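In: here are the coordinates; sequence isn't available:
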């Protein structure tokens, strides 16, 4: 008697392919239904040492594999990763009163993370998250914790060139967690990292990748800034969120992606956390500040502007009434040293100035018309209007 057999291999392969195709179509349809609208969060040596209170997980995780380490890092840093919701209200003008039009409102969503500094809790994020498309600071800021609680926030400091902003929390509860700030200089290419944020408003999402590179990124006008490149998925809404190492420490602030589609293709960038740590005191205290606009010197610039040297930092403007102008600093001066320390970039000069408290004296070595002189500048406090300081 002939024995009955099951379906052949070819039939099984055909059915498997059909089920896979249907699942893909269903998944695409589901994504089309779930896809939300756009969000705005698309992608000094500190004179007082920050007191860091790391977030703690109530669960205990035994680490024996890379996967366990990733789970542990997410559990440690995750409770301090937050969603930042902003409202940008255009001020009412006299034309609105006559026309009857109400000022328009821009709403934005980004990410951030809570850290502790000088005994208080703050949120680190990107300037473009709290400034929005109009480059105007948000009139309202809400900080949403992973447990669903919403805290009121207020922008406490910002730096546009570095794309770093600090949000102060209004009467935060005592149990608000804080994440530990790590050392971005110690990052190695190929090291595992996690990006935590709210891409497309999918709250508290964790993606995993490696440090692809640590490279200078061109910012225009001959300026660059050091960024961390990663293939951990970063999308709109991730901006301002933490880039975390396997110890659960924040090593970067996710800031932008390189993509022709607006979606992650595996080339994302984060601001090294050490840059933020250098700025904490400066941003929260609005100084020390001397009031100059700077640009790096170069052989080409020195020849074009007939400068006496092609080294140092060129003063593009010494604003009237600022500490630098009062001390005699002029446009076209070339600063070669700060307090005897050689400087060749605006970042090096700013870092040297930030070593002083507000009201301290910093000595600039200035080359002017082939003559070298030293000018003593009393550092001041930056005005609120110094948006790009």
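Out: Received, thanks. Source: prediction; values computed, not measured.

In: Which residue ranges of the stretch 201-350 of the chain form helices?
Out: All helices of the stretch 201-350 of the chain, identified by DSSP state H, counting those that start in this stretch, fall at 273-285, 299-305, 323-326, 346-353.

In: what about residue 123, how many neighbours?
Out: Each residue near residue 123 was counted by other Cβ atoms under 10 Å, and the total is 28. Yep, even glycine has a C-beta here, placed from its N, CA and C like the rest.

In: now swap in the one 4 residues further on and tell me
Out: Neighbour count of residue 127, defined by other Cβ under 10 Å: 25.

In: Just the pLDDT for it.
Out: Among the per-residue scores, residue 127 holds a pLDDT of 92.

In: what's near enough to touch it?
Out: Contact partners of residue 127, counting by Cβ atoms under 8 Å, 6 or more residues apart in numbering, are 158, 159, 160, 162, 163, 164, 165.

In: Ramachandran coordinates for it?
Out: phi -60, psi -40 (degrees, to the nearest 10).

In: where does the stretch 51-200 of the chain have low pLDDT?
Out: Within the stretch 51-200 of the chain, the stretches with pLDDT under 70 are 51-64, 90-104, 132-135.

In: All the helices of it, in order from the start?
Out: So, for the stretch 51-200 of the chain - with DSSP H, counting those that start in this stretch - the helices run 66-77, 94-99, 127-131.

In: highest average neighbour count across the ones you listed?
Out: Across the helices of the stretch 51-200 of the chain, averaging neighbours per residue (mean count of other Cβ atoms under 10 Å) puts helix 127-131 on top, at a mean of 26.

In: Tabulate the contacts of residue 127 (a markdown table), appending neighbour count.
Out: Shown next, in a markdown table, are these (neighbours: other Cβ atoms under 10 Å):
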| residue | neighbour count |
| --- | --- |
| 158 | 23 |
| 159 | 20 |
| 160 | 14 |
| 162 | 21 |
| 163 | 23 |
| 164 | 24 |
| 165 | 30 |
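
In: ok, so of those, who is nearest residue 145?
Out: Minimum distance to residue 145 across the contacts of residue 127 is 18.5 Å, recorded for residue 165 (Cβ to Cβ).

In: so that closest one bridges to which residues?
Out: According to DSSP bridges, the partner residues bridging residue 165 are residue 125, residue 158.

In: Look up how far residue 271 lies from it.
Out: Plainly put, residue 165 is 11 Å away from residue 271 if you go by Cβ to Cβ, to the nearest Å.

In: Over to residue 282?
Out: When distances are taken as Cβ to Cβ, residue 282 and residue 271 turn out to be 15 Å apart.
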